[in-house]
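Peer 1: below are the sequence and a predicted model for it; my questions follow.
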Amino acid sequence: MTDTTLSKTATNPEEVTITWRQYLELCKPKVVLLIVFTAVVGMLLSTPGMVPLDLLFYASTGIGLAAASGAAVNHWVDQKIDAEMERTKGRPLPTGGLSSRAALTFALSLTVISMAILLATTNPLTALLTFICVIGYAVIYTMFLKRSTPQNIIWGGAAGAAPPILGWAAVTGEVNSEALLLFLIIFIWTPPHFWALAIRRRDDYAKVDIPMLPVTHGIPFTKTQVLLYTFMLLAVTLIPFAIQMSGLIYLAGAVSLGIGFIYHAYKLYVSEGDQHAMKTFAYSIFYLTALFAFLLVDHYIRIFIRG
C-alpha cells in the first residue's frame, strides 16, 4: 500500500484502519504515555492546590504531541537501520506502509501543533523547553549521539528526563530545584533502563554499527554499569524525602522499589548472557511509573493531613 496522506491513500475501511495504526505507531504511544504521565505528575506536584483542568489537559496534550513528533522523526531518521534490525524491521517505514515524506510531514505537523497549543495555553517557557527537548531527542540524539558514542543514552536521555520540568513550568512559569530533582531521577533511571534492552538487542545494534554500550564494551561491562546505576538511583530517589519535598509514604515506596530494581540488576549481573535482560527492562518501566505514583499519592496525603 502506498501513502501520501490518510485521506488520499485509504480507499476502503480496511486501508483506513491500517494507515491510522501506522501513523499511531510512528508516535511510539507507550513511550509517549509514560512521558505524559511524568509531566502530569510534575504539574500536580508543583502546587499545593489543584491544577485547573483546562491547563492540565492542554499542557498534557501539547507535551504529548511534542513527544510524538520526536518519536516520528526518530522513525524517519532510523528507517534504514530499522530495516536491518530484527526488533524494528516491522515498523511502518521499513515495510513501506508509509512513505518517508509522509512520516516527515506528519512529524513536523505534530511539532507545529504542539508548539501552538503550548504557546496559546501555557507560557513561552514551557513551549521553549519543550521545543528544545524535541530537538534534543530527534536531532542531537537520533542523528548524532546515537551513532557516535557509547555514552549516547546518557546524554541523549536528558530530553527524555525533562517532562516533569515541562509540566512544572506549565503550571508555575518557572523551574525550581524540586523540578530539577524530578529530572535527575529520570536522568539516572534512563541508562539502566535502556542498557537492559540493549543487552538483549546487542547483535541487532552491532549489525548496523550503532555503538551501544554492550557493542563497544561488552555485555559483562554493561551489566556492571546497570548494577552501579541502580545503586546510584536509589540514593538519588532518597533526596525528595531528605529535603522534605516528600514524606514517609514516598520514602517507603522509593526504598522498596529501589531494592527491587537492584535485585533485578543483580540477577542480570550474575545471569548468563541476556537471560534476565528483558525482565530487568520490564521492571524498570514499572519502577518509574510506581515511583512517580508514590510521589503523587504522598503529595496529596500530606496536603490532606495538613488540612
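Peer 2: Now that the structure is in, tell me what you want to look at. All values reported here derive from a predicted model rather than from experimental measurement.
Peer 1: show me the contacts for F261.
Peer 2: Residues in contact with F261, defined by CB atoms under 8 Å, 6 or more residues apart in numbering, are 192, 230, 233-234, 283-284, 287. Any C-beta I mention is one placed from the backbone N, CA and C, and that applies to glycine too.
Peer 1: setting aside sequence neighbours, what's the nearest residue to A107?
Peer 2: A72 (3.6 Å; CB to CB, 6 or more residues apart in numbering).
Peer 1: what is the neighbour count of G273?
Peer 2: 12 (other CB atoms under 10 Å).
Peer 1: ok, the one 3 residues further on next?
Peer 2: Residues lying near H276 (other CB under 10 Å) number 22.
Peer 1: measure it to R200 for me?
Peer 2: When distance is defined by CB to CB, to the nearest Å, H276 is 10 Å away from R200.
Peer 1: just P211 next, same as before
Peer 2: On the measure of CB to CB, P211 and R200 end up 17 Å apart.
Peer 1: and I132, by the same measure?
Peer 2: Taking CB to CB, one finds I132 at 31 Å from R200.
Peer 1: compare these two and say which is more crowded by neighbours.
Peer 2: R200 (20 against 15).
Peer 1: quick one, what contacts the more buried one?
Peer 2: By CB under 8 Å, 6+ apart, the neighbours of R200 are 274, 277-278, 281.
Peer 1: 6 Å instead, please
Peer 2: 274, 277-278 (CB atoms under 6 Å, 6 or more residues apart in numbering).
Peer 1: do the same with A103
Peer 2: Per CB under 6 Å, 6+ apart, neighbours of A103: 26, 72, 75-76, 93.
Peer 1: and it, which helix or strand is it part of?
Peer 2: helix 100-121 (DSSP states H and E).
Peer 1: among the contacts of A103, which pair sits farthest apart?
Peer 2: A72 and L93 (9.9 Å; CB to CB).
Peer 1: between these two, who's got more neighbours?
Peer 2: Neighbour count, other CB under 10 Å: between A72 and L93, A72 has more, with 28 against 24.
Peer 1: how close does the more buried one get to L110?
Peer 2: Distance from A72 to L110, by CB to CB: 6 Å.
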